[in-house]
Each structure stands twice: as structure tokens, then as C-alpha cells.
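Enquirer: Fold the following and give me the result.
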Amino acid sequence: MRLLTFVALVLTAGPLAAQTSPPLSQAAGSITAADVSRRIGIIADDSMMGRDTPSRGLDLTAQYVVDQFRRVGLKSSFQRYPITRRRLKPEQSRVVFSAGGRMDSASFKNAARFEGGAVPEDGSRATAVLVGGAHTAETAARLNVRNKAVLVVPPSAATPAALQQVLRVLFLAGPRALVIVSPADSASFANTIPKAYPERTVIGLPSGKPVSLQVHPSAIRNALAAAGVELAEVRTASSPLSRELSGLEVVIEMKDTVTSSLTAPNSIGILEGSDPRLKNEYVVYSAHMDHIGITPGQTDSINNGADDDASGTAGVLELAEAFSRRGARPKRSIIFLTVSGEEKGLWGSDYFANNPPVPAKQIVANINIDMIGRNWPDTIVAIGKEHSDLGATLERVNRAHPELRMTAIDDRWPEERFYFRSDHYNFARKGIPALFFFNGVHEDYHEVTDSPDKIDSEKEARILKLLFHLGQEIANAAKRPEWNAESYKEIVE
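Expert: Here you go, the predicted model:
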């Protein structure tokens, strides 16, 4: 029985195990528990003050990462992104509807409400597309609304969940604006408009994303009538309805005030590939180096974030060193990335995905590492296996390396939607296949007790060796990874 088990392991390892050359084995061997422990001890030290975004401790961490990249010969740089706090000035903001010589204006003081998206700093002007009736996400996806002002009339029978799905599809389809015609009465609508808009955080430079707002129909009645829009008919339509209103122009004028302006870092290291052609394609290893900072009022107030995510940051550094060893440079280039602002809403990875140092279409895969130093000693969850053939590649590599005593398993918590909650998601939205390695939360998650002494560095080292071999397989493959069709349709913008 023991002999059969041994033979089975050899056979399932397949050609990958046989092809693991001495240089690759030596490079993987450079990933050690001692190095993992040492790096986490630096990143999660009290001197980093919890690595809040932005903070001096975060900047010190980013500098440490870049210094380590440079030490192993990577082309290294900081990517700093703006963080501005802004507040809408409703008294200087309005929406103007014009059709057939009639013009209506809806003020943000009493007849229009900002819902989200990007405030158009220089204004926005577009012709309108009317969308109403019983649309679903699928029917809305077939509409051409690019560069239009989408006038959405929610149907009387719409549920909030169904309406949100339709609005999300329309928002991602590239319009200038989403203008939702509110079904509320005038008094109720007016009560929902804040007397002073709250501050909001804007990451990066003003983007071309659409603005989303609501207007009350009483303020735009004349222009709608001139454009031939009968709201009652649209609201009660039993089938999906859409039509271009080429005679209706929507002009959005919104003014912001900037209340504060700071920046935060991402740290980037690039290892050029060995193949003259494939070196122009890239595999990205990523982890977030920020945490949640300080919790006042406690004897120990520093949230060290050893597992979340000093473990991932240390992992990226260990992988950078392993890939930089003689004989370990793959055909494709590798980007080693540590981002900030993950805890605030995936800020740094969102900025990187929209402003990569190489063309986004040349990034073939993202391997994201967030919390890999705790829980089970022989198991790591790989979230996103089902969305692309990276899942099959991972399983093949995993079988080829039984000596690591580490099994990558499917998402154990699909109801938590972790796939949408870490930095890889910003790559996936751009069409880049991704895997997210994660050991799950624990009692020290987002607590001051998430300390370096609780990390299982020996386990993490074995995970990192698996990720090293996975990256070698992806970066040396003849073909780039491919999405599963249904996942691409669901996830990619």
C-alpha cells in the first residue's frame, strides 16, 4: 500500500516535477521560515505604527520594500497617488435639461442629489438615452449608452436589488452620467438632499468615470415634455424600454471644494524576462503593505497587522529574491507590487490598475497574497480558481510538489464574497486573470493582537515556494492564461 501511494505521487506530479531544474530548486530553497519571520518582524514592528494610509509608518514600510527590491537587482520605484478630501458645493451645482427650445434647471440645493461617481470638474454635456420599463442586467448590457447621459426611469414594480443590478451595468458601460428620475413626491425628495454634503475621499486624479445623480421630475417637466417623454407611461411599461432622445441635451455643472490633499505610496519592483518576445508580458505578484493604524484608548494601541498583511508583503519580498537568483529568471517579466490603502477601499491597487507602469493588456496574470501566516499548517485557500484556467494550472503545480505538504483548496466562504474584497479584484476588473491566496480570518483579525509572534513562518515559507513554482509555470507558458467565458462576462468591466 505504501509503494502504491509513492508511485501515485510520482505519477500525479507529472512533467512539472521532473522539469524542476537544480537552479529553480535552489531559488525556491532561498525562501526560508527564518527570512519570513525576520521580514514580518520588521514590517509589523511597533515603529511602523500600524501602517495606516497615509502615515509615516506606511512610508517607512514602502521605503523598506523598495530598498529590498533594489538589493536583489530589480528595477524599482515608488508610485504615489493623490488622496484628496472633497466636498460638493450645492449652491454652485445644477443639471440643465434642454429640448425643443425649452430649458429646465435642477439645483442641487432642492431638486437634484449627488449619488456618487466622479464629479465632472469641467462640466459634462451629452445627449440623452431614455431607459425604463422592466429591464434586467442582461437586457441593460445590450444597450449602447457610451458617452450619453442615461435618463433612468425606475419602473413602479422594481425591487431595489434588481434596480441596483441594472444601474451597475449601465454605470460600467461608459456613459457620461446616470440621471435617475426619482419617483418620490417633492417634499420627500427635498428631505433627502443634505444641507451640507459630507466630505468624500477621491483617489487619484479626476477620472472619466460617470457621475450618478437623482433629479425630481417636477424640475425638468417642461424639457421632458418637449422631448416627448411621458413619465407615467415609461414607469408602467411591462417590457424593457430604451430610446435615444437626440433632441434632449443634459448639461451637468458641479463644483467641488478640496478640503485636504495628501499622497500615499505603492512600491514596485520589475524583473525583466529572459525571452526577447515574452519579456513584454508580465505576471504581477501583489500584497497590501498597509494596515489600520492605531486604536486609541488601549494599553497596546498599535495594530501591527502581522498576518494582515505583513505576511503577504514579506511574501512578495521573498518571491522577488527567489526569482532574482541565477537560473530562476522566467521568460515573461515579473512585477512585484506592494500597495497601500487596501484597508480603506482597495485604493492603491485601483490606482495601479488604472495607471500601470506597463500597458495593462500586457499583464497576463495577478497572484495576490493577503493573510497567509495563520490557521491550518497544510492548507491555503485559493480564491478565484473557477474563473480562469489559472485554477487548473495551480492544481497541476500543486500536484507536482507534494514535498511542500501544502494543498491549495477552493473558496471555503463564498457567502463572504472575498473575491471582491482584496486587491486582485481591481486587476480582474481590467480583464487580468487573478488568484487570491488567503488563510481566512481569525480572532486577531483587525485587532492589536495580530502580532508577529503568532505567525507560522514555516507554513508561510511552504506556501511561498508553491507560489514561486506557480509563477514559473505561468511566466514560462507558451500561452497566456484565459478566462472562463461566464466569469469574464460577470467580472470584467
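Enquirer: nearest residue to Leu319 other than its sequence neighbours?
Expert: For Leu319, ignoring the flanking residues on the chain, the nearest one in space by CB to CB, 6 or more residues apart in numbering is Tyr285 at 5.5 Å. All C-beta atoms are positioned from the backbone trio N, CA, C, and that covers glycine.
Enquirer: which residues does that neighbour form a beta bridge with?
Expert: Following DSSP bridges, Tyr285 is listed with bridge partners Phe336, Ile367.
Enquirer: quick one: contacts for it?
Expert: Neighbouring residues of Tyr285 by CB atoms under 8 Å, 6 or more residues apart in numbering: 315-316, 319-320, 334-337, 366-369, 467, 471.
Enquirer: repeat that with 6 Å
Expert: Tyr285 is in contact with Val316, Leu319, Phe336, Ile367, counting by CB atoms under 6 Å, 6 or more residues apart in numbering.
Enquirer: Ok, Asn280 next?
Expert: Asn280 makes contact with Gln362 under the criterion CB under 6 Å, 6+ apart.
Enquirer: what separates it from Ser286, distance-wise?
Expert: Going from Asn280 to Ser286 by CB to CB, to the nearest Å gives 20 Å.
Enquirer: Which pLDDT value goes with the residue nearest to Leu319?
Expert: Looking at Tyr285, its pLDDT stands at 98.
Enquirer: Buried ones in stretch 360-378, by neighbour count?
Expert: Residues 363-375 are the ones in stretch 360-378 that count as buried (16 or more other CB atoms under 10 Å).
Enquirer: Now find how far off-centre it is within its chain.
Expert: Taking CA atoms, centre = their mean, to the nearest Å, the mean C-alpha location of stretch 360-378 is offset from the chain mean by 13 Å.
Enquirer: what's that stretch in contact with?
Expert: 280-287, 307-309, 311-312, 315, 405, 422-424, 427, 430, 432-440, 442, 455-456, 459-460, 463, 474, 480-481.
Enquirer: Which of the residues you listed fall in strands?
Expert: Within these, residues falling in strands by DSSP state E are Tyr282, Val283, Val284, Tyr285, Ser286, Ala287, Ala434, Leu435, Phe436, Phe437, Phe438.
Enquirer: what's the farthest-apart pair in those residues?
Expert: Greatest spatial distance in these: Tyr282 and Phe438, 22.7 Å, computed using CB to CB.
Enquirer: Tell me which residue is most central in this protein.
Expert: Ranked by distance to the mean C-alpha position of the chain (CA atoms, centre = their mean), the top residue is Asn426 at 2.6 Å.
Enquirer: so how far is Gly345 from that one?
Expert: Separation of Asn426 from Gly345 (CB to CB): 11 Å.
Enquirer: how about Met58, secondary structure?
Expert: To be clear, residue 58 is Leu; Met isn't right here. What DSSP: H, G, I helix; E, B strand; the rest coil gives for Leu58 is helix.
Enquirer: circling back to that earlier point, of the contacts of Tyr285, which is the nearest to Phe352?
Expert: When the contacts of Tyr285 are compared for distance to Phe352 (CB to CB), Phe336 wins out at 12.2 Å.
Enquirer: how many neighbours does the closest one have?
Expert: As a burial measure, Phe336 scores 27 neighbours (other CB atoms under 10 Å).
Enquirer: residues in contact with it?
Expert: Gly269, Tyr285, Val316, Ala320.
Enquirer: and it, what pLDDT?
Expert: As predicted, Phe336 sits at a pLDDT of 98.
Enquirer: Need the phi and psi values for the residue lying closest to Pro433 once chain neighbours are set aside.
Expert: Counting by CB to CB, 6+ apart, Pro433 lies nearest to Ser388, which is 3.7 Å off, once chain neighbours are set aside. Backbone torsions of Ser388, given as degrees, to the nearest 10, read phi -160, psi 180.
Enquirer: do the same with Asp450
Expert: Dihedral angles (degrees, to the nearest 10) for Asp450: phi -80, psi 80.
Enquirer: got the CA coordinates for stretch 159-169 in PDB?
Expert: The C-alpha coordinates for stretch 159-169 follow below in PDB (Å, rounded to 0.1, in the frame of the first residue of the first chain):
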ATOM      1  CA  THR A 159     -37.200  46.000  -6.400                       C
ATOM      2  CA  PRO A 160     -34.100  47.800  -5.000                       C
ATOM      3  CA  ALA A 161     -31.800  44.800  -5.700                       C
ATOM      4  CA  ALA A 162     -33.000  44.500  -9.300                       C
ATOM      5  CA  LEU A 163     -32.600  48.200  -9.900                       C
ATOM      6  CA  GLN A 164     -29.100  48.300  -8.500                       C
ATOM      7  CA  GLN A 165     -28.100  45.500 -10.800                       C
ATOM      8  CA  VAL A 166     -29.300  47.400 -13.800                       C
ATOM      9  CA  LEU A 167     -27.700  50.700 -12.600                       C
ATOM     10  CA  ARG A 168     -24.300  48.900 -12.100                       C
ATOM     11  CA  VAL A 169     -24.400  47.500 -15.700                       C
END
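Enquirer: Could you check that stretch and say which residues are buried?
Expert: For stretch 159-169, the neighbour count (16+ other CB under 10 Å) marks Ala162, Gln165, Val166, Leu167, Val169 as buried.
Enquirer: any low-confidence regions in the stretch 51-200 of the chain?
Expert: Within the stretch 51-200 of the chain, no stretch falls below the threshold (pLDDT under 70).
Enquirer: So which residues of it form strands?
Expert: For the stretch 51-200 of the chain, applying DSSP state E, counting those that start in this stretch gives strands covering 75-88, 94-99, 102-107, 112-117, 124-132, 149-152, 177-181, 200-203.
Enquirer: and Ser188, which of these is closest to it?
Expert: For the strands of the stretch 51-200 of the chain, distance to Ser188 was read as CB to CB. The smallest value, 11.8 Å, belongs to strand 112-117.
Enquirer: Show me what that closest one is packed against.
Expert: strand 211-215 (3 or more CB pairs under 6 Å, 6 or more residues apart in numbering; DSSP states H and E).
Enquirer: residues making contact with the helix or strand that the strand it packs on is followed by?
Expert: Moving toward the C-terminus from strand 211-215, the next helix or strand (DSSP states H and E) is helix 221-226. Helix 221-226 has contacts (CB under 6 Å, 6+ apart) with Phe97, Ala99, Gly100, Arg102, Asp104.
Enquirer: That's all I had, so thanks and see you.
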